[in-house]
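1. Fold the following.
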Amino acid sequence: MCTVCFDSEILSIPAWIHDLESFRRWVSSEEAPEKSPVFFLAGEIWIDMSKEQIFSHLRLKQEFFQVLGSLAKRRLIGKFFPDGLLLTNQVADLSGNPDGTFVSNAGFREGRVELIEGAESGHVELDGSPDMVLEVVSDSSEEKDTQILRDLYWKAGIREYWLVDARGERLEFNILRRTSRGYSVTTKVGGWMKSVVFGQSFRLTRRVDELGHPEFTLRAR
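-> Residues are numbered from 1 along each chain as shown. Take a look at the predicted model:
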């Protein structure tokens, strides 16, 4: 089993973690890191101990949280969960913390996902196939987000994979639609992409504010 860590921080991985179920027990325990994203990727443990970039990651995620969370609540179509959610899919041998997750009301009703209760109280995990997941690419997560998770999220039956990369001069935002052979990039029309999951088109733009900081805007129509 491979363990990946970043920066100079040291994290001990228990030797008894050998499969998906033992990983799930570990991440639900006090031994697991509280804030660092942790994934079980079909037999490998991936842990990001690096710091999130303020603008190209934190502020960008915040824009998606606000727009998609408000849209889901206003239209009563489902629930959008920000980062921190533990998502597990046993078919894909996958468990981890996406940057964002959306589950439609139909997904809950039809049992495509199950809310897992914690040992003490409340729900602490989502098991199954949500309708959509979001990942924002960073230097430390590029291979995971663009290659490994693209394959595993498809195997998990997730209908749309939203992938965003704001690290360079060119802002990259793609909605990947699930097909029988893998994910297909949604065609852009004037910068807009249609989401089947949300039933609307979306466009992401970036400008520089009066302080010289990048400002992101996600529009829906």
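2. Pass me the low-pLDDT residue ranges in the protein, would you?
-> 1-11, 35, 119-121 (pLDDT under 70).
3. biggest helix in it by residues?
-> helix 60-75 (DSSP state H).
4. Please put the alpha-carbon coordinates of it into PDB.
-> Provided in PDB are the C-alpha atoms of helix 60-75 (Å, rounded to 0.1, in the frame of the first residue of the first chain):
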ATOM      1  CA  LEU A  60     -12.800  29.400  -5.800                       C
ATOM      2  CA  LYS A  61     -14.400  26.600  -3.800                       C
ATOM      3  CA  GLN A  62     -16.400  29.100  -1.800                       C
ATOM      4  CA  GLU A  63     -17.900  30.400  -5.000                       C
ATOM      5  CA  PHE A  64     -19.100  27.000  -6.000                       C
ATOM      6  CA  PHE A  65     -20.400  26.300  -2.500                       C
ATOM      7  CA  GLN A  66     -22.500  29.500  -2.500                       C
ATOM      8  CA  VAL A  67     -23.900  29.200  -6.000                       C
ATOM      9  CA  LEU A  68     -24.700  25.500  -6.100                       C
ATOM     10  CA  GLY A  69     -25.800  25.400  -2.400                       C
ATOM     11  CA  SER A  70     -28.200  28.200  -3.000                       C
ATOM     12  CA  LEU A  71     -29.500  26.800  -6.300                       C
ATOM     13  CA  ALA A  72     -30.200  23.400  -4.800                       C
ATOM     14  CA  LYS A  73     -32.000  24.900  -1.800                       C
ATOM     15  CA  ARG A  74     -34.000  27.400  -3.800                       C
ATOM     16  CA  ARG A  75     -35.200  24.900  -6.400                       C
END
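5. Could you list the buried residues of that helix?
-> For helix 60-75, the buried set under the neighbour-count rule, 16 or more other Cβ atoms under 10 Å, comprises Leu60, Lys61, Glu63, Phe64, Phe65, Val67, Leu68, Gly69, Leu71, Ala72. In this view, the C-beta of every residue, glycine as well, is placed from N, C-alpha and C.
6. What is that helix packed up against?
-> Contact partners of helix 60-75 among helices and strands, from 3 or more Cβ pairs under 8 Å, 6 or more residues apart in numbering; DSSP states H and E: strand 78-82, strand 100-104, strand 132-136, strand 160-165, strand 214-220.
7. picking up where we left off before, return the member of the buried residues of helix 60-75 nearest to Glu30.
-> Lys61 (26.1 Å; Cβ to Cβ).
8. Contact partners for the closest one?
-> Residues near Lys61 by Cβ atoms under 8 Å, 6 or more residues apart in numbering: Pro82, Asp83, Asp99, Gly100, Leu134, Val136.
9. got the contact list for the residue minimising distance to the centre of the chain?
-> Centroid-nearest residue in the chain: Pro98, 2.5 Å away (criterion: Cα atoms, centre = their mean). Counting by Cβ under 8 Å, 6+ apart, Pro98 touches Asp83, Leu85, Leu87, Val133, Leu134, Glu135.
10. Right, I'll leave it there.
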